[in-house]
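**Student:** dropping the sequence and predicted coords here.
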Amino acid sequence: MAPPSVRAGTLRHRLRRDRLLLLMVLPALVLLLIFNYVPLIGNIVAFQEYDPYIADNAFRAIGQSPWVGFEQFQRMVDDPLFWQSVRNTLAIFLIQLTLFFPIPVLLALFINSFVRHRVRAIAQAILFLPHFFSWVLVVTIFQQMFGGAGLVAQTLRDHGHGGFDLMTNPGLFKFLITFEIIWKDAGWGVIVFLAALAAVSTDLYEAAAMDGANRWRRMWHITLPALRPVVALLLVLQVGNALTVGFEQILLQRTAVGPTSAEVLDTYVWNVGIQNGDFSYAAAVGIIKGVFGLLLVLAANKFAHLLGEQGVYKR
Amino acid sequence: MSTLTGTTEGRFVRGRLRPAWEEEPSRAGLATKGVTLTLVCLAVIFPVWVVVVTSLSSVKTITETGGLVVIPKGITFVAYQELLSGGQVTRAATVSVGVTVVGTLFSMAVSVLCAYGLSRTGSVLHRPILVFLIATMFFGAGLIPTYLVVQGLGLTDTYLSLILPSALNVFNILVLRAFFMSTAQELIESARIDGAGDFRILWQIVMPLSRAVIAVITLFYAVGYWGAWFNASIYINDPDMLPLQNIMQQLVIKQTRPTGLAQAINTGHLSPLAIQMAVMVLALLPVAVLSPFVQRHFKQGMLTGAIKG
């Protein structure tokens, strides 16, 4: 607790007293201002027909580009590629929600069932590792395993079956990237659940066991309720992030399978803006994505509150 | 299994023994669990093993097995010697090490200072600054405007573009802050009465007491810089300035031949596959070596009441 005198005094006095603290915060504030808040204002290019070649510097170019109102936003309505990227984004989100989301919970319950501390520690050390691999590394590892020249294809070829290549298969792409995320992050996702499990008092289990509840009844009545708030929180975060599905991961593999199955909102913004130079339209798509993303966060939280859970922020 | 001695009041003793009230699992059940866990761990280790072994295999072994090598037949470091004797990959690795070291130090300095500056509830402007920070977690400014700002500041084709735009992670700052707030306030108060300034308190009291969380956050930042690919792909046009991840993408995903090694490959001295694998090993080595040291602190770094005050 802070001593009562901390809030006392005039603003000038407090500024003087805490000037060192303010000085310490300053570098972070400047960085956030330049790279988070200024770009937020930079979104005004979405209301322009931004021409990067009109001036030698992006700021001057924004100053000199003509204003076009909501024209860029209207373009989205009849842009089939935009809607395709919306569809892909939502499809990938749903696939990952059903196939990836439950795995860390199950894995945590599984690891937690081992009593030996050493077994758990070693298993965790191994399962955490891929979380720290870069996406380039994960994609290259998958390529070496499941690509046209990969280990699986190589083994199949030795046995007379040719033509296996998971990395360039557009139909399976959405499952491939889900598989990659499971490999990379399922082990890491376990941490939160293991912590929640460790917080459950053993007295509860003991009392339940004395009353004759078997292993499964104990899991159903004690373990799972203990995990409920964490699951709810992660679910809210996941839904709030629904429009952001693996940007770097997908960008790295986009050319291998083609944009029809791989283009998501983020890669579409990259392709339209950075690749093709249509900055204003790309920024407009980015704004729409940001606005709907924020709405999703708020809606998911509201839903969590309705179910009696806490969500990301308190009501 | 062994008899259940040593359980006091049915609790775990140093997390080792099964408590008395818990049913003994069947042998078959234990075996199934053991096998399953081993298979899950192998799913992670096996691909890494294949990559490492192939990178250490000779051209002859690779030709005989028809590609990737699972069972090592002799070890050679020729791929590493070629890659690290100057040229494209050596340069890229140097860039990556430089950016990671400088970037991590910068990120940590700014984050630790900011976290400490916000760790005293009731200090002036404490609330508004916190809101300013947390608000950035709810909106992303978007790729295009960020790109234009970096370009407008003249950072394209400089190493600063690989550090500054991604230097801060507000979540990390909040974790550090929560940790600093939990350090014994009496200790800080008595140091202040003894005349220690804020910088000294931070350096000599708060930081030594927060070693665990500082190790974790340092690792998070370092892993971020080391694994970063996207920023260099849009901000760096000069191929000589590209970091290792971008060179790895070119060599392995796009399958371009490494420059300067054509002769070694054509004379059969060097396998292009071993080169690819060796680059991948270079990328994973620092991470694989360092992260287990910090592992036991992850839980604190992830969960310390980040949303507090």
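**Tutor:** That came in fine, so what should we check first? Residues are numbered from 1 along each chain as shown, chains lettered A, B, ... in the order given.
**Student:** and residue B:180, which helix or strand is it part of?
**Tutor:** helix B:170-182 (DSSP states H and E).
**Student:** name the helices or strands packed onto that helix?
**Tutor:** Judged by 3 or more CB pairs under 8 Å, 6 or more residues apart in numbering or on different chains; DSSP states H and E, helix B:170-182 is in contact with helix B:88-117, helix B:126-135, helix B:211-227, helix B:298-303. Glycine gets a C-beta too; all of them are placed from N, C-alpha and C.
**Student:** so which bits of the stretch 201-309 of chain B are right by chain A?
**Tutor:** Within reach of chain A by CB under 8 Å from any CB of the partner chain, the stretch 201-309 of chain B has these residues: B:202, B:219, B:223, B:226-230, B:234, B:245-246, B:248-249, B:252-253, B:276-277, B:280, B:283-284, B:287-288, B:291-292, B:295-296, B:298-299, B:302-303, B:307.
**Student:** repeat the analysis, applying 6 Å as the threshold.
**Tutor:** By the rule CB under 6 Å from any CB of the partner chain, the part of the stretch 201-309 of chain B lying against chain A is B:223, B:227, B:229-230, B:234, B:245, B:248-249, B:252, B:280, B:283-284, B:287, B:291-292, B:295, B:298-299, B:302-303.
**Student:** could you give the number of residues near residue B:247?
**Tutor:** By the criterion of other CB atoms under 10 Å in any protein chain shown, residue B:247 has 26 neighbours.
**Student:** no no, residue A:69
**Tutor:** Residue A:69 has 9 nearby residues by other CB under 10 Å.
**Student:** what does the pLDDT read for it?
**Tutor:** Here the pLDDT value assigned to residue A:69 is 93.
**Student:** go on, residue A:202?
**Tutor:** At residue A:202, pLDDT is 86.
**Student:** near it, how many other residues are there?
**Tutor:** If we define neighbours as other CB under 10 Å, then residue A:202 has 14 of them.
**Student:** could you do the one 10 residues further on as well?
**Tutor:** Burial of residue A:212 is recorded as 7 neighbouring residues (other CB under 10 Å).
**Student:** show me the contacts for the residue of the stretch 201-315 of chain A found nearest chain B.
**Tutor:** Using CB to the nearest CB, residue A:286 is the residue of the stretch 201-315 of chain A that sits closest to chain B, at 3.6 Å. The contact partners of residue A:286, by CB atoms under 6 Å, 6 or more residues apart in numbering or on different chains, come to A:269, B:142, B:144.
**Student:** among the residues you listed, who's most crowded?
**Tutor:** Neighbour max across the contacts of residue A:286 (other CB under 10 Å) = residue B:144, 29 neighbours.
**Student:** contact residues of the stretch 1-150 of chain A facing chain B?
**Tutor:** So far as CB under 6 Å from any CB goes, the stretch 1-150 of chain A lies against chain B at A:2, A:6-7, A:14-15, A:18, A:20-21, A:24-25, A:27-28, A:31-32, A:35-36, A:38-40, A:42-43, A:57-59, A:115, A:117, A:123, A:125-126, A:130, A:132, A:134, A:136-137, A:140-141, A:145.
**Student:** and stretch B:23-38, what's its mean pLDDT?
**Tutor:** Stretch B:23-38 carries an average pLDDT of 89.
**Student:** what's the answer for stretch B:295-309, then?
**Tutor:** 57.
**Student:** repeat for stretch A:80-99
**Tutor:** The model assigns stretch A:80-99 a mean pLDDT of 96.
**Student:** next, the buried residues of it.
**Tutor:** By 16 or more other CB atoms under 10 Å in any protein chain shown, the buried positions in stretch A:80-99 come out as A:82, A:84, A:85, A:86, A:88, A:89, A:92, A:93, A:96.
**Student:** also stretch B:173-190?
**Tutor:** Applying 16+ other CB under 10 Å to stretch B:173-190 flags B:173, B:174, B:175, B:176, B:177, B:178, B:179, B:180, B:181, B:183, B:188 as buried.
**Student:** stretch B:28-44 too?
**Tutor:** B:37, B:40, B:41, B:43, B:44.
**Student:** using CSV, list the CA coordinates for that stretch.
**Tutor:** Provided in CSV are the C-alpha atoms of stretch B:28-44 (Å, rounded to 0.1, in the frame of the first residue of the first chain):
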residue,chain,number,x,y,z
ALA,B,28,-1.6,-51.3,-18.2
GLY,B,29,-2.9,-47.8,-17.6
LEU,B,30,0.6,-46.6,-16.6
ALA,B,31,2.2,-48.2,-19.6
THR,B,32,-0.3,-46.7,-22.0
LYS,B,33,0.2,-43.3,-20.5
GLY,B,34,4.0,-43.6,-20.6
VAL,B,35,3.9,-44.7,-24.3
THR,B,36,1.5,-41.9,-25.2
LEU,B,37,3.7,-39.2,-23.5
THR,B,38,6.8,-40.6,-25.2
LEU,B,39,5.1,-40.5,-28.6
VAL,B,40,3.9,-36.9,-28.0
CYS,B,41,7.5,-35.8,-27.1
LEU,B,42,8.9,-37.7,-30.1
ALA,B,43,6.6,-35.7,-32.4
VAL,B,44,8.5,-32.7,-31.3
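**Student:** and for it, what's in contact with it?
**Tutor:** Contacts for stretch B:28-44 (CB under 6 Å, 6+ apart): A:123, A:126, A:130.
**Student:** one more: stretch B:136-150?
**Tutor:** So stretch B:136-150 is in contact with A:32, A:36, A:38-40, A:42-43, A:58, A:269, A:273, A:279, A:282-283, A:286, B:161, B:165, B:170, going by CB under 6 Å, 6+ apart.
**Student:** off-centre distance for stretch A:140-159?
**Tutor:** 29 Å (CA atoms, centre = their mean, to the nearest Å).
**Student:** buried residues, that stretch. List them.
**Tutor:** A:140-154.
**Student:** quick one, what contacts the residue lying closest to residue A:92 once chain neighbours are set aside?
**Tutor:** Closest residue in space to residue A:92, ignoring its immediate chain neighbours: residue A:245 at 4.5 Å, by CB to CB, 6 or more residues apart in numbering or on different chains. Counting by CB under 6 Å, 6+ apart, residue A:245 touches A:89, A:92, A:93, A:264.
**Student:** can you tell me which of those is nearest chain B?
**Tutor:** Using CB to the nearest CB, these come closest to chain B at residue A:264, 12.5 Å.
**Student:** touching, the closest one and residue A:90? I think so.
**Tutor:** No: with contacts counted by CB atoms under 6 Å, residue A:264 stays clear of residue A:90, the gap being 9.3 Å.
**Student:** now the chain, which segments are flagged as low pLDDT?
**Tutor:** Looking at chain A here, since you left the chain open. A:1-8, A:311-315 (pLDDT under 70).
**Student:** think we crossed wires, I meant chain B
**Tutor:** Where chain B drops into low confidence, which here means pLDDT under 70, it does so at B:1-17, B:299-309.
**Student:** geometrically speaking, which residue is the centre of it?
**Tutor:** Centroid-nearest residue in chain B: residue B:223, 2.4 Å away (criterion: CA atoms, centre = their mean).
**Student:** what's near enough to touch the residue lying closest to it once chain neighbours are set aside?
**Tutor:** Leaving out its chain neighbours, the residue that sits closest to residue B:223 by CB to CB, 6+ apart is residue A:132, at 4.9 Å. Residues near residue A:132 by CB under 6 Å, 6+ apart: B:223, B:287, B:291.
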